[in-house]
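Chemist: quick one: sequence and predicted model below, then my questions.
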Amino acid sequence: MQSFISETVLDILKTTKTFENAVFVLPSQRAGVFVKQTLKNNITTGFLPEIINIEQFVSQISEIQKADAVQLLFHFYTIYKEQEPNPDSFEIFSSWAFTVIQDFNEIDQHLINSREIFEYLRDIQRLKKWSVKGTFEETELIKDHFKFIEKLNEYYNAFYKFLLENKIGYQGVLYREAVNKVDSYIAKHPKKKVFFIGFNSLNAAEDLLFQKFLFEGKAEVYWDIDDAFLHSNHQAGTFIRRCKVNWKYYQKNELKTVGNWFSQDKKIEIIGAAKNISQIKYAGEVLSKLPNYNNTAVVLADESLLPTMLNSLPNSVKAINITMGYPLKDIPTTGLIFSVFQLFISQDKLKKSLQNEFYYKDVVRFLKHPLVYRLLTTEEEFLSDTISEKISQENNTFVSQQYILSFLTTISPETQQIIASVFEQYTSINDFLQRIINLITVLKDVVTGLEKEYLFRFYTAFIQLQNLHTKFNYFVDLKTLYKFFQQVITSESLSFQGEPLQGLQLMGMLETRVLDFENVIITSVNEGVLPGNTQPVSFIPFDVKVEFGLPTYREKDAIFSYHFFRLMQRAKNVTLIYNTESDTFGGGEKSRFVTQLELLKEGITSKIVSPKVITEKSSLKEIAKNDEVLEKLKELAQKGISPSALTNYLYNPMAFYKQKVLRIREFDEVEEEVAFNTLGTVVHDTLEELYIPFVGKFLLFDDVKAMQPKIKKTITKYFKKHFKNGDIVTGKNRLIFEVAVRFVVNFLKQELTLLKDKKNQLKIIGTEKNYEAIINVEGIDVPVKIHGQVDRVDELNGVARIIDYKTGMVTASELKITDYEKIRDYKYSKAIQVLLYAFMYSQTEKVVDKPIQAGIYSFKNLKNGFLQLNFSTKRGGQDNEVNEERITEFITEIKILLQEIFNKEIPFVEPADLPY
């Protein structure tokens, strides 16, 4: 395969023997490397020509240097403030100024008369205000917009003048000035000859410059176009056909390097794959079948898939050259920078600046970032984990700088100082920027390779921001800096450097200009991606752009059409992969370019691929019981099994195994909102404290009345104990606090109602009292101890009552037992717990032939009072007596359950219908 560059160089060498005064101008800098290599292969001695891209060439002619977008924005704000008596803040200004500069750039590149287009825009707005009735209601927003449009030309003129005076500018300024100075440039360089190579879509300024050099006999233009597209109405040839028709030079001269490559035989495959991952994985499979990669390109139409592509390359790819930028917003270091910003943004939002305390989630996010984690890791411990665990254990919603530093005594003083500076109250924006620069400086010593490149990119970015802020002082607060940083990060990228002449080429569609490859793989060849359907943000409406000859989506579609079909021209093996799924943006419909290709070429193969699915028989999680597990169970039997542990086994044997056999505890987490179990504990402890003075006594009406004033104080005391450093003064926690108060108040009202009747005699036997009982089970070597804490035991009119408090909702139906054989089911868990409490009470207190009642007070169902166990088989009947016979029948079923738990042949199996 003869590439376009090779063909062009050989043609130039036919007429040019020396390159002393020659300039090769290319669409991109990257193509220059291939041009140099081709010249080296074909020239034995002599100087190489000057090889530059079009931007450098225009900069030479205009004698103006291109400024970066951030620098331009700051200069534009200076001009804007001079033009406006009441200017927007820099934060608001930066939200629209990038778009305005882009519009200015487009106007200048296409040599549009700025006064005419802005007056046209102004007149459109004035027409919108016009009304037959003579009145037009204007909101402040509409007024501001009209005023803004009226002033656009003033902004443009003042900004343009400033840029010329300082010899800097955006790309459009360079183009407009290059057109103004092209005559003097040619006069200064009479011997210079320019070769324009591989261009397609020219803006008005480029069009004029090219024609000027051709007219003066100082240039040659080499187009990369195939006969199939030039001599038809195909979209790919739109721009070059326009040049051929409109340029006077081509009335007498033919276009150079028009080829006939597209008609040659090619192997073209069109592959449909479900989802982006499948596309990339299939591209990796195609690559793995190639013998080498020296003439192979993978083109990502959707450049966000670069990380996935890098992880899907076959092991046979030893050398790779990436020619697309990696968005800064996607690299890991961005998360670290955002976490530092978030520390102070949340602090300000939560009004903790005076105390210099930070929201715990922001602190943990910063400490757990991989780079900081590495920095705070010593041979003895992982300090980030230590601090995070301590924050959770102490339930610290807010954390101070001193608290964090108290853990850092084992690391170097330099690292201590850097971490301390991150959590210091900043005194100025420069101070904040400097602490990020210092942090990056320290982190660079703990990273290698690509991570160091990431840090260096951010280091240069923050140095630039610091210099600009020192000069202009436009960041009035951290919020403005943060918003600006967010805007910049979305448009900036990290450029990769590699060896372009070796190995696999991984690139975006625009980077393929002028280059040719034998093997081409293009991914995401979907409508909406190739060509894209995103409209650039602009203050110039579509119809105005058409009126003044500015490019619209139609021209952009034609540009992508050219790049796509140009890649096909000389390629021998082409694989086009598109996403068949329509549930994502750009998915489902293959690109119109693929449909066009199918009409233009015969012998194309199409197929749908899907990943190889390995079917596995799904089985429930299962843990077999070995001797070690049985030993742990025996230890548990001797130590004691609680009623809740048994009901937990009924709910999920695997959870029982993890908690009671492996003794795995749940991670401590900071409790920002009062958890339901915390609420329950607070209510239980409050009632225990209120009732403890009356244990062993008969409770009187006045005793309960005396408890009422103590409720809030007692509940507050136990919230401080169990909710630790949590805030119960405001927000949702205040509501939960009031719920706890209401629970206790309503419960005491029930007690008062009971005691109001003088016939009722209520004696408190115990509160939160521990009971235990031994069960001897056949087949279990050791006696099984059942132990638990009963919330309350009392006697009402001589009848013992076993009472369990529940802060959740419990209904009477959950305590109805009609068939003991069915009780080994989780839906009877409440009844099982209460019956076990009754069993332990009867065994401990040696109760014989004495009536017992057992049940629950549900704080969410207090209107139904004391919910008792009900053994009646009749519908709506009541039989609440807990006697020895019923306890014996119940314990028989519990023994069967214990035999199952201790049976070596029955594994712990996770239920198939586990609800949560």
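Modeler: Here it is on my side, so go on. Numbers count the residues shown, from 1 in each chain.
Chemist: and the next element down the chain from the helix or strand encompassing Ile404?
Modeler: According to DSSP states H and E, Ile404 maps onto helix 401-405. Sequence order places helix 413-422 as the next helix or strand after helix 401-405, per DSSP H and E.
Chemist: whichever helix or strand comes after that next one vs helix 413-422, what angle?
Modeler: Per DSSP H and E, the first helix or strand lying C-terminal to helix 413-422 is helix 429-443. Angle of helix 429-443 versus helix 413-422, following axes from the mean of the first three to the mean of the last three CA atoms, to 10 degrees, is 150 degrees.
Chemist: which parts of helix 429-443 are buried?
Modeler: Ile429, Phe432, Leu433, Arg435, Ile436, Leu439, Ile440, Val442, Leu443 (16 or more other CB atoms under 10 Å). C-betas here are computed from N, CA, C, even on glycine.
Chemist: and the third one, what does it touch?
Modeler: For Leu433, the contacting residues are Phe462, Leu465, Gln466, His469, Leu481, taking CB atoms under 8 Å, 6 or more residues apart in numbering as the criterion.
Chemist: could you check how far it is from Gln761?
Modeler: 76 Å (CB to CB, to the nearest Å).
Chemist: Tyr160: neighbour count?
Modeler: Close neighbours of Tyr160, defined as other CB atoms under 10 Å, add up to 20.
Chemist: pLDDT at it, what is it?
Modeler: pLDDT, Tyr160: 96.
Chemist: dump the residue contacts of the nearest residue to it once chain neighbours are set aside.
Modeler: Nearest residue to Tyr160, sequence neighbours excluded (CB to CB, 6 or more residues apart in numbering): Val173, at 6.7 Å. For Val173, the contact set (CB under 8 Å, 6+ apart) comprises Ser62, Ile64, Asp108, Tyr160, Leu163, Leu164.
Chemist: what about the fourth one, which helix or strand?
Modeler: This points to Tyr160. Counting by DSSP H and E, Tyr160 is part of helix 140-166.
Chemist: now the third one
Modeler: Using DSSP H and E, the secondary-structure element containing Asp108 is helix 90-109.
Chemist: list buried residues within the contacts of Val173.
Modeler: Buried among those by 16+ other CB under 10 Å: Ser62, Ile64, Asp108, Tyr160, Leu163.
Chemist: for the helix holding Ile404, which residues meet the burial criterion?
Modeler: Gln401, Tyr403, Ile404.
Chemist: list the contacts for the most centrally placed residue in the chain?
Modeler: With distances taken as CA atoms, centre = their mean, Asp330 lies nearest the centre of the chain, 8.9 Å away. The contact partners of Asp330, by CB under 8 Å, 6+ apart, come to Ser304, Pro307.
Chemist: any idea how far Tyr482 is from it?
Modeler: Counting by CB to CB - Asp330 and Tyr482 are separated by 19 Å.
Chemist: likewise Arg176?
Modeler: 35 Å.
Chemist: who has more neighbours, the two?
Modeler: For the pair Arg176 and Tyr482, the greater number of neighbours falls to Arg176 (25 against 19), based on other CB under 10 Å.
Chemist: ok, which stretches of the stretch 501-650 of the chain are helices?
Modeler: Assigned by DSSP state H, counting those that start in this stretch, the helices in the stretch 501-650 of the chain fall at 542-548, 553-570, 592-600, 627-639, 643-651.
Chemist: any chance of the buried residues of helix 429-443 in TSV, with distance to Val777 too?
Modeler: What follows is the buried residues of helix 429-443, written out as TSV (distance: CB to CB, whole Å):
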residue	distance to Val777
Ile429	73
Phe432	68
Leu433	71
Arg435	66
Ile436	66
Leu439	63
Ile440	65
Val442	63
Leu443	61
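Chemist: just to revisit the earlier point, out of the buried ones among the contacts of Val173, which one sits closest to Phe560?
Modeler: Asp108 (23.7 Å; CB to CB).
Chemist: isn't that closest one right next to Arg176, touching?
Modeler: Yes - using CB atoms under 8 Å, Asp108 is in contact with Arg176, at 4.4 Å.
Chemist: got any residues that touch both of the two?
Modeler: Ala205.
Chemist: related to what we said a few turns ago, which other residues reach the helix holding Ile404?
Modeler: By CB under 8 Å, 6+ apart, helix 401-405 touches Asn356, Val363, Ile387, Asn396, Gln416, Ile419, Ala420, Phe423, Glu424.
Chemist: let's see it at 10 Å
Modeler: Residues outside helix 401-405 that contact it (CB atoms under 10 Å, 6 or more residues apart in numbering) are 356-358, 363, 366-367, 383, 387, 390-391, 394, 396, 416-417, 419-425.
Chemist: got it, and stretch 870-880?
Modeler: Stretch 870-880 is contacted from outside by 799, 812-813, 815-820, 831, 851-855, 866-869, 881-883, 886, 889, using CB under 10 Å, 6+ apart.
Chemist: can you select the buried ones from these in PyMOL?
Modeler: Remark: buried members of these, expressed as a PyMOL selection using 16+ other CB under 10 Å:
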select buried, resi 812+815+816+817+820+831+852+853+854+855+866+867+868+869+882+886
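Chemist: dump the buried ones among the contacts of Val173 to a markdown table, plus distance to Leu636.
Modeler: What follows is the buried ones among the contacts of Val173, written out as a markdown table (distance: CB to CB, whole Å):
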| residue | distance to Leu636 |
| --- | --- |
| Ser62 | 84 |
| Ile64 | 82 |
| Asp108 | 81 |
| Tyr160 | 83 |
| Leu163 | 80 |
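Chemist: going by distance to Ile765, which of these wins?
Modeler: Leu163 (90.9 Å).
Chemist: just to check, that closest one is in contact with Gly169?
Modeler: Yes - in this structure, Leu163 is within contact of Gly169 by CB atoms under 10 Å, at 4.3 Å.
Chemist: now the helix or strand where the residue nearest to Tyr160 lies, how far from the centre of its chain.
Modeler: Using DSSP H and E, Val173 maps to helix 171-188. Helix 171-188 has its C-alpha centroid displaced from the chain centroid by 46 Å (CA atoms, centre = their mean, to the nearest Å).
Chemist: if I look at the closest residue to Ile623 other than its chain neighbours, how far off is Phe656?
Modeler: Counting by CB to CB, 6+ apart, the nearest residue to Ile623 once its immediate chain neighbours are dropped is Phe908, at 4.3 Å. Distance of Phe908 to Phe656, given as CB to CB: 7 Å.
Chemist: need the overlap of contacts for those two.
Modeler: Tyr649, Ile901.
Chemist: most neighbours out of the contacts of Leu433, which is it?
Modeler: Leu465 leads the contacts of Leu433 on contacts (other CB under 10 Å) with 22 neighbours.
Chemist: can you show me the helices along the stretch 151-300 of the chain?
Modeler: 171-188, 204-215, 227-230, 238-246, 275-288.
Chemist: quick check: buried residues in the third one?
Modeler: The one in question is helix 227-230. Within helix 227-230, judged by 16+ other CB under 10 Å, the buried ones are Ala228, Phe229, Leu230.
Chemist: please apply the same query to the fourth one.
Modeler: Neighbour counts over helix 238-246 (16+ other CB under 10 Å) mark Thr238, Phe239, Ile240, Arg241, Cys243, Lys244 as buried.
Chemist: wait, which of these is closest to Trp130?
Modeler: Taking those together and measuring to Trp130 by CB to CB, the closest member is Thr238, at 38.3 Å.
Chemist: returning to that earlier point: what do Leu163 and Gly169 both touch?
Modeler: In contact with both Leu163 and Gly169: Ile64, Ala67, Leu72, His75, Phe104, Glu177, using CB under 10 Å, 6+ apart.
Chemist: and the residues you listed, which two are furthest apart?
Modeler: His75 and Glu177 (16.6 Å).
Chemist: rewinding a little: give me the buried subset of the contacts of helix 401-405.
Modeler: 357-358, 363, 366-367, 383, 387, 391, 396, 419, 421-423.
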